[in-house]
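[1] I'll drop the sequence and a predicted model, then ask my questions.
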Amino acid sequence: MRWALVKVCLAVTAMVVLAFAVPLAMVVREMASDRAFSNAERQAATMGPTLTVTTDPAQLRRAVESTEMGAAGRMAVHVPAIGGAAAVDIGEGRAGAHAVAETRSLGRATTAGVPGGGSALLQPIALGSGDIAVIEIYVPEAEVSNGVTTAWLILGGVGLALVIGSVAVADRLGARLVRPAERLADAAHQLGEGRLGARVPEDGPKELRSAAVAFNSMADQVVELLANERELAADLSHRLRTPLTVLRLNAASLGDGPAAEHTRAAVEQLEREVDTIIRTAREQRPPASTATAGCDASEVIRDRMAFWSALAEDEGREVRLAGVDRTVRIPVARPELAAALDAMLGNVFRHTPEATPFAVDVHDAGDAVIVLVSDGGPGIADPDAALRRGNDGARDGSTGLGLDIVRRVAESTGGDVRIGRSVLGGTEVRVWIALDDRARTGERGARSRRARRKRRGA
């Protein structure tokens with residue numbers, strides 16, 4: 001905006017300067033020419049009285065030499081033949097006989113070009129005999145343009161000063177307009193990065209002050225909404241303590257056995273997750289990321305499969321596990337990977353009939369780790385809809401957040417999630433986890449995340 005304002009002001013000022021300077025320069029030149037020829041007419045007029053008195057060549061020569069122009073060799077007198085006497089030409093004539101004869105016939109002053117440059121003023125003078133003599137005054141080109149160059153330089157300097165001054169004023173005005181806009185944009189970036197204390201000074205032009213007031217009001221509302229959301233999350237999580245206490249007591253009464261142990265472990269994990277949610281909401285800040293520490297994907301998958309294997313055995317499901325016999329380090333925290341695996345395996349048990357087989361495979365692709373969870377169920381008709389966050393009401397018993405958790409875990413490393421048809425005939429969820437020692441994969445993942453968000457938004 002600042003540079004655009006400067007360019008507009010520069011263009012307008014330049015056009016105004018040209019509109020006035022060019023005609024004024026032409027006027028200056030015409031004035032210099034008129035001044036030179038007016039001076040020549042005055043010099044010619046000084047010979048008028050002499051010609052009316054005498055046409056004697058000797059007297060005329062002395063009269064010519066006594067004038068300023070005659071002494072400089074710039075005056076000539078052309079007397080026609082009178083009473084049988086020969087015509088007399090005194091001084092150096094430059095205009096030529098034709099121009100002199102034309103002036104004598106017209107009876108008024110004329111100008112004629114001179115070979116080699118300059119002009120000649122031809123002034124007719126009536127003699128006592130009724131004939132007409134012609135006085136010729138030579139006007140050099142330097143005298144016609146005397147002072148014109150200096151005047152043009154002054155005009156050019158004034159015009160340049162006006163242009164520079166207008167650009168400086170426009171730049172100051174542009175800075176006054178742009179600075180509040182830049183502060184507004186910077187505050188918007190800060191707010192987008194999570195710095196909720198970003199505010200904008202309410203100054204500048206009226207429109208920008210209104211925008212600053214609106215932005216500050218919006219930021220205050222965002223802070224208030226987030227605070228209310230945190231309180232709501234903490235309250236809802238706290239309400240879960242009562243049914244969790246009942247579950248823990250019931251689990252304690254189950255006695256011994258693998259199923260009872262798994263149930264008690266699940267209740268304890270659920271209590272820990274609820275406590276984490278409450279603490280995070282009360283602290284009013286996101287939990288510290290532990291993705292840089294990473295975890296062993298094979299160990300986490302074996303642990304979670306041990307948990308789900310009891311339920312799979314009760315429902316008669318055949319389970320296949322592959323690729324977890326060696327250590328596979330990934331830049332994902334253990335709780336996050338466990339939550340993602342529980343979400344995918346929970347979907348298998350929730351959305352496929354009993355006795356449906358499923359499999360979990362881990363592949364190390366060098367720059368990424370691929371986790372495949374596949375089943376032999378009916379499959380997913382709309383994979384894109386399954387990856388959207390939230391439940392649109394068409395999926396009973398589902399909040400629509402399970403696969404979104406998986407997606408966020410993958411995208412935090414620069415990877416992604418894809419849903420397709422598995423070799424077992426049902427659904428295959430492919431989780432692509434990029435390794436953090438490949439910056440290019442992170443960049444590719446960021447591009448893929450932006451593209452997916454745009455598609456989901458559309």
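    In hand now; what should we look at?
[2] Could you list everything Ser374 pairs with in the sheet?
    Ala359, Glu428 (DSSP bridges).
[3] For the closest residue to Val431 other than its chain neighbours, pull up the helix or strand it's in.
    Among residues not flanking Val431 along the chain, Val371 sits closest, at 4.3 Å (CB to CB, 6 or more residues apart in numbering). For glycine as for every other residue, the C-beta is placed from the backbone atoms N, C-alpha and C. Here Val371 sits within strand 368-375, counting by DSSP states H and E.
[4] Run through who's touching that strand.
    For strand 368-375, contacts defined as CB atoms under 8 Å, 6 or more residues apart in numbering pick out 297, 301, 328, 330, 341, 344-345, 348, 352, 356-363, 415, 422-424, 426-435, 441.
[5] Show only the entries of those residues found in helices.
    Within these, residues falling in helices by DSSP state H are 297, 301, 341, 344-345, 348, 441.
[6] What is the nearest of those residues to Ala11?
    Closest approach to Ala11 among the ones in helices among the contacts of strand 368-375 (CB to CB): Thr441, at 49.2 Å.
[7] Which is the succeeding secondary structure element to the host helix or strand of Ser210?
    Assessed by DSSP H and E, Ser210 sits inside helix 206-239. Using DSSP H and E, the helix or strand that follows helix 206-239 towards the C-terminus is helix 241-252.
[8] Which of the helices or strands spans Ala310?
    Under the criterion of DSSP H and E, Ala310 resides in helix 297-314.
[9] on that earlier part again, other SSEs contacting the helix holding Ser210?
    Judged by 3 or more CB pairs under 8 Å, 6 or more residues apart in numbering; DSSP states H and E, the packing partners of helix 206-239 are helix 148-192, helix 258-283.
[10] Which one of those helices has the poorest average confidence?
    Mean pLDDT per stretch puts helix 258-283 lowest among the helices and strands packed on helix 206-239, at a mean of 74.
[11] picking up where we left off before, which parts of the strand holding Val371 are buried?
    For strand 368-375, the neighbour count (16 or more other CB atoms under 10 Å) marks 368-375 as buried.
[12] Rounded mean pLDDT for stretch 430-441, please.
    Mean predicted lDDT for stretch 430-441 stands at 69.
[13] Contacts for the helix or strand that contains Arg350, please.
    In the assignment (DSSP H and E), Arg350 maps to helix 334-351. For helix 334-351, the surrounding residues in contact (CB under 8 Å, 6+ apart) are 290-291, 295, 297, 300-301, 303-305, 308, 311-312, 315, 330, 356, 358, 360, 371, 373, 375, 377, 397-398, 401-403, 405-406, 409-410, 412, 429, 431.
[14] Just the buried residues from these, in ChimeraX please.
    To isolate the buried members of the contacts of helix 334-351 in ChimeraX, using 16+ other CB under 10 Å:
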select :291,295,297,300,301,304,305,308,312,330,356,358,360,371,373,375,377,398,402,403,405,406,409,410,412,429,431
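[15] Could you report the neighbour count for the nearest residue to Thr54 once chain neighbours are set aside?
    Once flanking residues are discounted, Thr54 sits nearest to Leu60: 7.2 Å by CB to CB, 6+ apart. Look at Leu60: counted by other CB atoms under 10 Å, it has 21 neighbours.
[16] before we move on, back to that, please check the contacts of strand 368-375 and keep the buried ones.
    Listed as buried from the contacts of strand 368-375 are 297, 301, 328, 330, 341, 344-345, 348, 352, 356-362, 415, 422, 424, 426-435, 441; burial here means 16+ other CB under 10 Å.
[17] just to revisit the earlier point, quick check: the residue nearest to Val431 vs Val417, distance?
    Here the criterion is CB to CB, to the nearest Å. By it, Val371 lies 10 Å from Val417.
[18] between the two, what contacts are shared?
    Shared contacts of Val371 and Val417 (CB under 8 Å, 6+ apart): 430-431.
[19] next one: stretch 306-318 to chain centre, how far?
    Taking CA atoms, centre = their mean, to the nearest Å, the mean C-alpha location of stretch 306-318 is offset from the chain mean by 58 Å.
[20] now that stretch: mean pLDDT?
    Mean predicted lDDT for stretch 306-318 stands at 87.
[21] How about residues contacting that stretch?
    Outside stretch 306-318, the residues that reach it (CB under 8 Å, 6+ apart) are 258-259, 262, 265-266, 319, 345, 349, 354-358.
[22] and that stretch, C-alpha only, in CSV?
    Output of stretch 306-318 as CSV, limited to C-alpha atoms (Å, rounded to 0.1, in the frame of the first residue of the first chain):
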residue,chain,number,x,y,z
ALA,A,306,-1.9,-58.1,24.4
PHE,A,307,-4.7,-55.9,25.8
TRP,A,308,-7.1,-56.4,22.9
SER,A,309,-6.2,-60.1,22.4
ALA,A,310,-8.4,-61.2,25.4
LEU,A,311,-11.5,-59.5,23.8
ALA,A,312,-10.6,-60.9,20.4
GLU,A,313,-10.4,-64.4,21.9
ASP,A,314,-13.8,-64.0,23.5
GLU,A,315,-15.3,-62.9,20.1
GLY,A,316,-13.6,-65.6,18.2
ARG,A,317,-11.5,-63.3,16.0
GLU,A,318,-8.4,-64.5,14.3
